[in-house]
Structure formats: C-alpha cells, structure tokens
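> Sharing a model that was predicted from the sequence below.
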Amino acid sequence: MPTSSPFERFAYAALSSTAIPHLLTMRAATVLERIAYGGGNTEWYRCTSPGDLRPIASMLKPGSCVSFYFGDQLRVSPDATVARVALRAILQTEPDAVLGILPGEGVLTVKVSNVSIEDLDEELESVANASMLLFGPFPPRQNDGISAVTLDLPDADGIVRAHPH
C-alpha cells in the first residue's frame, strides 16, 4: 500500500470526521473542490462509496474548501437532450451552469465546464459521446449535513485557516 503524505492523512481525517462517510453508504456524491488562492479554479470528483474517500483525499489541495453534494443540486443522465432542456431552463435565471462527463468505473475525476447560454450547444456537442452527463446550476457552498456537506481543509501543516477560494 502506498505511503500517504501528512496532508493526505489530515484531509482524510477531516473528511472522515463529518457525516460524509455515513451519507456515502446511502448515495453517491459529486465533490467540488474550491482551491485556496486558486483564483476561482475548481476540481470536481465523483464519490460513490466510503472507499473512495482515501483516493479523493490524496488528490485534494491544502486549504481547499470542499463540498460533497448528495442531493439534487446536480443531476445525472445519459441523455444529452435531457441535459440541454434542463440547462436552458437553468440559464434563464442563473449566470452559468455546470456540465460534466461522469467517470467510468474506478475513475474519480469529473470533467466539468461552466456553461453560459451562448455556448450551451457547443458544449453539449463536445460531450455528445459521453455515456453519463452531470449538469445543473453551479452549486453554492451548502452544509445541511444531509444533501450537502462543506468543510475547509487544513493547510499542509494540519491547521485550518481562512483562505480566499
């Protein structure tokens, strides 16, 4: 088994100390990592079971704000037409939306783009051959402990500090 870094252990302990492991026994989550000092950059992951937490912890960055979405904030469908209709409706009231390709078995990362109404058709063309799409409004930081859990990760030294995300 590969040796983990101190930060990976801090990140895994932080994730494990929340309701996330329990919620993952009931349903999958889409994970949004808002990177500390990242200028708005994000990373996305799909987490289908508690066993995915360790590999995800190894990919997270120190100081990030991480949200696990278990509810209907983001939808999943194999049908691009369903995604198109839903995204058009969302973009009537929201400035942008999320469109991503869900991973295959054993792959945790999600390809996600912020989509505007102007480039919706082009973005959907680029994912036309995907087997499963992820889409919805760009989700806010939520932490109700049921449909979403959000936490700030510690820095590399194990201390949680406030950072711009």
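Everything's here; your move. Given the structure is predicted, the values throughout are model-derived calculations rather than measurements.
> could I have the helix or strand of the chain with the lowest mean pLDDT exported to CSV, CA atoms only?
Across the helices and strands of the chain, mean confidence by mean pLDDT, DSSP states H and E is lowest for strand 111-115: a mean of 80. Provided in CSV are the C-alpha atoms of strand 111-115 (Å, rounded to 0.1, in the frame of the first residue of the first chain):
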residue,chain,number,x,y,z
LYS,A,111,-14.6,16.8,-16.5
VAL,A,112,-16.7,19.9,-15.8
SER,A,113,-17.2,23.1,-17.6
ASN,A,114,-19.1,26.3,-16.6
VAL,A,115,-21.6,26.8,-19.3
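> List the neighbouring strands of it plus their orientation.
strand 97-101 (antiparallel) (DSSP bridges).
> Can you point out the buried residues in the least confident helix or strand of the chain?
For strand 111-115, burial by neighbour count (16 or more other CB atoms under 10 Å) applies to 112, 115. C-beta here means a position set from N, CA and C on the backbone, and glycine is covered the same way.
> Name the secondary structure element that contains residue 12.
Per DSSP states H and E: residue 12 is located in helix 6-16.
> tell me what the next helix or strand after that helix is packed against?
For helix 6-16, the following helix or strand on the C-terminal side (DSSP H and E) is helix 20-24. With contacts taken as 3 or more CB pairs under 8 Å, 6 or more residues apart in numbering; DSSP states H and E, helix 20-24 sits against helix 53-59.
> contacts for the next helix or strand after the helix it packs on?
Tracing the chain past helix 53-59, the next element assigned as helix or strand by DSSP H and E is strand 65-69. The contact list for strand 65-69 (CB atoms under 8 Å, 6 or more residues apart in numbering) reads 15, 20, 23, 29-34, 36, 47, 60, 139, 141-143, 147-153, 163, 165.
> after the least confident helix or strand of the chain, next one along is what?
helix 120-126.
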